[in-house]
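Asks: Need a 3D model of the following:
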Amino acid sequence: MKNLALLILLMLLPNLILANDGAFFAKGNQLIPISETNISVKKEILTLKKIKNKYIEVTVYYEFFNPKEAKTLTVGFEAFSPQGDVEGAPKNGKHPYMSDFTVELNQEKLNYKVAYVSDNLYNNAGKIKAIDFKNFEGNKSGNYVDFFYVYHFVAHFKKGLNIIKHTYKYDVSGSIDYNYDFEYALSPAKRWGNNHIDDFTLIIDNGDFETFSINKSFFKDANEWKIDGVGKTENVKGSPNSFIERDALKFHIQKGKVIFKKINFKPNGDLFVYSVNSIGVQDFAYLPHSYYQSGNIAEPKTEFEKKLLKNLPFARRGYIFQNPELKSYFEGLDWYIPDPKYIPNVNDLTPEEKKWSEKWK
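Replies: Numbering: from 1, shown residues only. Have a look, this model is predicted:
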């Protein structure tokens, strides 16, 4: 029978992907106070940028307000351990699938430490109660480990406004169902003094020609989002009988990024972003994910399928086809955004797209 610590940890990972079906590498998270505090979050700008399908670059800008005299506070970052088809052992003492962790307070770079903890009760009178890793009897390596990480640092908050800049990277997860997925824990922001974020901005940059969905866990409808670029949205209905269990908003982005802004933001759910896997030549034309995944594409069986693949780069840019078959096909795809001003030019394609177009001649 699994011990209590592991059960608590699993409760903290609602979107866990099981071994052999995929891998949960890591999730992003808020900075949190280790002890009670009246310091509040006045502003947060959270930027998540997907680099290919490999990792997420996280950049966070915080404005904290300390209403009283200067104080010293231990601030933490909870990094949950990987699960599934992974190696969960620490790497150089740190989370194996997170890197480039930095934190800066009022233009001063801060040093941090990493603690291993076995459950979410690690706060011991404002101090972190770490496990004795050498003598720890739980799983310390393999597909499932019985601990997670707390990156922590000492922060000297002056009276009034304090600015923290925070960066790190974490690997993108995936599975049989998901081409990619990644998570970010928004709700821990409520642990600060005001129990919400006065002014919150979330920017997600998954790259151009991407289709992805975001669970409606912390927002209600598409009107709460802005597309900074060219794209459109559609609603996805969740079903208990499907791996897509929750209602979501699907984004079809031709170019640009998506932005969510909220005043007095009190998140009651966390961020889950995913792109669904597809199989087959026509499914690839349907899903505009990047060309570095072209090895997964089945060989076209007809001349028409070849034409579909050859013309995909131009369809992604909104070309209105003169060929009736191509025109009818691409207009039937929900990601297609026609642009009457677009004139196709091979020289404007990326090197990957040029190789792609040549391949299907």
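
Asks: in which helix or strand would I find residue 354?
Replies: Assessed by DSSP states H and E, residue 354 sits inside helix 351-359.

Asks: Show me what counts as buried in that helix.
Replies: Using 16 or more other Cβ atoms under 10 Å as the test for burial, helix 351-359 gives 353, 356-357. C-beta: built from backbone N, CA, C; applies to glycine.

Asks: and it, how far out from the chain's middle?
Replies: Between the centre of helix 351-359 and the centre of its chain there are 29 Å (Cα atoms, centre = their mean, to the nearest Å).

Asks: Packing partners of that helix?
Replies: Identification of packing neighbours for helix 351-359 by 3 or more Cβ pairs under 8 Å, 6 or more residues apart in numbering; DSSP states H and E yields helix 303-316.

Asks: relative orientation of the very next helix or strand once past the helix it packs on and helix 303-316 in degrees?
Replies: Helices and strands here follow DSSP H and E; after helix 303-316, the next one along the chain is helix 324-331. Calculated by axes from the mean of the first three to the mean of the last three Cα atoms, to 10 degrees, helix 324-331 forms an angle of 50 degrees with helix 303-316.

Asks: Which secondary structure elements does helix 324-331 sit against?
Replies: By 3+ Cβ pairs under 8 Å, 6+ apart, helix 324-331 packs against helix 303-316.

Asks: Can I get the helix it packs on as PDB, trimmed to CA atoms?
Replies: The C-alpha coordinates for helix 303-316 follow below in PDB (Å, rounded to 0.1, in the frame of the first residue of the first chain):
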ATOM      1  CA  GLU A 303      -2.000  12.800 -56.000                       C
ATOM      2  CA  PHE A 304      -4.600  14.900 -54.200                       C
ATOM      3  CA  GLU A 305      -3.100  14.000 -50.800                       C
ATOM      4  CA  LYS A 306       0.300  15.000 -52.200                       C
ATOM      5  CA  LYS A 307      -1.200  18.400 -53.300                       C
ATOM      6  CA  LEU A 308      -2.600  18.900 -49.800                       C
ATOM      7  CA  LEU A 309       0.800  18.400 -48.200                       C
ATOM      8  CA  LYS A 310       2.700  20.400 -50.800                       C
ATOM      9  CA  ASN A 311       0.300  23.400 -50.300                       C
ATOM     10  CA  LEU A 312       0.000  23.200 -46.500                       C
ATOM     11  CA  PRO A 313       2.500  26.100 -46.000                       C
ATOM     12  CA  PHE A 314       0.500  28.400 -48.200                       C
ATOM     13  CA  ALA A 315      -2.800  27.300 -46.600                       C
ATOM     14  CA  ARG A 316      -1.400  28.100 -43.200                       C
END
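
Asks: Could you pull out the buried residues of it?
Replies: 305-316.

Asks: And that helix, how far out from the chain middle?
Replies: Worked out by Cα atoms, centre = their mean, helix 303-316 lies 30 Å from the chain centre.

Asks: what is the mean pLDDT for that helix?
Replies: Averaging pLDDT along helix 303-316 yields 89.

Asks: And that helix, what does it pack against?
Replies: Packing contacts for helix 303-316, counted by 3+ Cβ pairs under 8 Å, 6+ apart, involve helix 281-286, helix 324-331, helix 351-359.

Asks: hmm, who's touching the second one?
Replies: Think helix 324-331. 285, 304, 307-308, 311, 315, 320-321, 336, 338 (Cβ atoms under 8 Å, 6 or more residues apart in numbering).

Asks: Which one of the residues you listed is nearest to residue 211?
Replies: residue 336 (10.8 Å; Cβ to Cβ).

Asks: That closest one belongs to a helix?
Replies: No: assigned with DSSP: H, G, I helix; E, B strand; the rest coil, residue 336 falls outside any helix and is coil.

Asks: That one - how many residues pack around it?
Replies: Neighbour count of residue 336, defined by other Cβ atoms under 10 Å: 20.

Asks: and the gap between it and residue 250?
Replies: Distance of residue 336 to residue 250, given as Cβ to Cβ, to the nearest Å: 14 Å.

Asks: swap in residue 105?
Replies: Taken as Cβ to Cβ, the span from residue 105 to residue 250 is 38 Å.

Asks: Could you do residue 196 as well?
Replies: Distance from residue 196 to residue 250, by Cβ to Cβ: 28 Å.

Asks: just residue 92 next, same as before
Replies: 39 Å.

Asks: Residue 182 now?
Replies: Here the distance between residue 182 and residue 250 works out to 16 Å (Cβ to Cβ).

Asks: Those two: who's more crowded?
Replies: Ranked by neighbour count (other Cβ under 10 Å), residue 182 and residue 250 place residue 182 first, with 30 against 19.

Asks: So which elements touch the helix or strand that one falls within?
Replies: If you go by DSSP H and E, residue 182 is part of strand 178-185. Packed against strand 178-185 by the contact rule (3+ Cβ pairs under 8 Å, 6+ apart) you find strand 28-29, strand 40-51, strand 174-175, strand 271-276.

Asks: what's the following helix or strand after that strand?
Replies: Trace forward from strand 178-185 with DSSP H and E and the next one is strand 197-205.

Asks: tell me the angle of that following strand relative to strand 178-185?
Replies: Using the same axes, to 10 degrees: strand 197-205 against strand 178-185 is 160 degrees.
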